[in-house]
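Asks: Could you look at this predicted model? Sequence included:
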Amino acid sequence: MKALVTGGGGFLGGVIVRMLRERGDEVRSFSRGEHPDLEDMGVEQFQGDLADQDSVIKAASGCDLIFHVAAKAGIWGRYHDFYQTNVVGTENVLAACRNNSIDRLVYTSSPSVVFDGSDVAGADESLPYPDRYEAHYPATKALAEQLVLAANSPELAVTALRPHLIWGPGDNHLVPRIVARGRAGKLRRIGIRHKLVDTVYVDNAAKAHLLAADRLSPDSPAAGNCYFITNNEPLPLWEMVNRILAAAGVPPVTRSIPPKLAYAAGCFCEGLWSLLRLSGEPPMTRFVAHELSSAHWFNIEAAQRDFGYKPEISIEEGLALLRQSFLAGNR
């Protein structure tokens, strides 16, 4: 088949591209920049902005399916920027499917679309969207996910995957932030309770996308549905953080602050950054304070049942690969 991967030059998108090429599929990537590693794999590259519908339609021409992985992530920024990439960009991907008669779309969502700041312990996909969000990223990803699921039809089979806290070698978001703050001595545990959290190794998340695409059709169980994707190995959050730090040769986090103090700091920082229009991200936000002091692990039986997802690389194996990457001088 011939697949378009939006965000093919990114962390998860790049692994999806590699796996597609390894099994012999033709791959086209759509991203903002050009990536030499994709060229080395024989990937056709299109550069553009997801908010430009004509560019997205052109990139999808002649493809059989789309993996819509690209998104604007982060805990801070203008709502307009998140909306343009995550919502308008998704509308344009759906338009590209219609204009090019593409009949399959796998959308990369996030468990944050159902996070309301409280503990989530073993929840399945029946968990509702919250009434409000504390950050623009989950708010706009939720809108985009709903657009995708509503577009499911006999002409276009869609599914939405929700991988949780993706990590591994080559990570350009989660692992570098943890390691940089750990090295600078700026990490603090929020609370002292051992709240369980799910994560997913990047190759497992990518494999889930291929499995879902291969099973996807208008009459398949996956059509029109969303799925949590994890390693199915929930661990106490700060144990996982410390294991990532250990892989990078950084001492563990031992100092802590109370959750209420972290939330108050998040409110203060958000107000200050908004009032003074400061650049960069605040050191704490309400969303981060809640995320780092609550449980969030999920039931993945639906993904196992509907398209045979099973994590192939354990957390222990993934950490060993991450450690090797650091020793080799990579992220």
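Replies: Received the coordinates, thanks.

Asks: For the nearest residue to Glu281 once chain neighbours are set aside, list the residues it contacts.
Replies: Setting aside the residues directly before and after it, Glu281 is nearest to Trp76 in space (CB to CB, 6 or more residues apart in numbering), at 4.3 Å. C-beta: built from backbone N, CA, C; applies to glycine. Counting by CB atoms under 8 Å, 6 or more residues apart in numbering, Trp76 touches Ala135, Trp273, Gly280, Glu281, Pro282, Thr285.

Asks: that's a strand at Trp76, yeah?
Replies: No - read with DSSP: H, G, I helix; E, B strand; the rest coil, Trp76 is coil and lies in no strand.

Asks: Distance-wise, check it relative to Arg305.
Replies: 38 Å (CB to CB, to the nearest Å).

Asks: Could you point out which residue ranges in the protein have low pLDDT?
Replies: The chain contains residues with pLDDT under 70 at 330-331.

Asks: can you give me the helices in it?
Replies: Counting by DSSP state H, the chain has helices at residues 11-22, 36-40, 53-60, 79-83, 89-99, 136-150, 174-183, 202-215, 237-247, 259-276, 286-291, 301-307, 315-327.

Asks: Taking helix 174-183 as reference, get the angle to the first one.
Replies: This points to helix 11-22. Calculated by axes from the mean of the first three to the mean of the last three CA atoms, to 10 degrees, helix 11-22 forms an angle of 140 degrees with helix 174-183.

Asks: Tell me how many other residues crowd Ala121.
Replies: 14 (other CB atoms under 10 Å).

Asks: How about it, nearest residue that isn't a chain neighbour?
Replies: Here the residue nearest Ala121, using CB to CB, 6+ apart, is Ala295, at 5.1 Å.

Asks: Quick one: neighbours of Arg255, just the number.
Replies: Arg255, neighbours per other CB under 10 Å, totals 8.

Asks: now swap in Leu327 and tell me
Replies: Residues near Leu327, counting by other CB under 10 Å: 11.

Asks: just how off-centre is stretch 56-66 within its chain?
Replies: Relative to its chain's centre, stretch 56-66 lies at 22 Å (CA atoms, centre = their mean, to the nearest Å).

Asks: going forward can the numbers begin at 34, since that is how I track them
Replies: I'll keep to 34 as the first residue from here, and by that count the last item is stretch 89-99.

Asks: buried sites along that stretch?
Replies: Buried residues in stretch 89-99, defined by neighbour count with 16 or more other CB atoms under 10 Å: Val89, Ile90, Ala92, Ala93, Cys96, Asp97, Leu98, Ile99.
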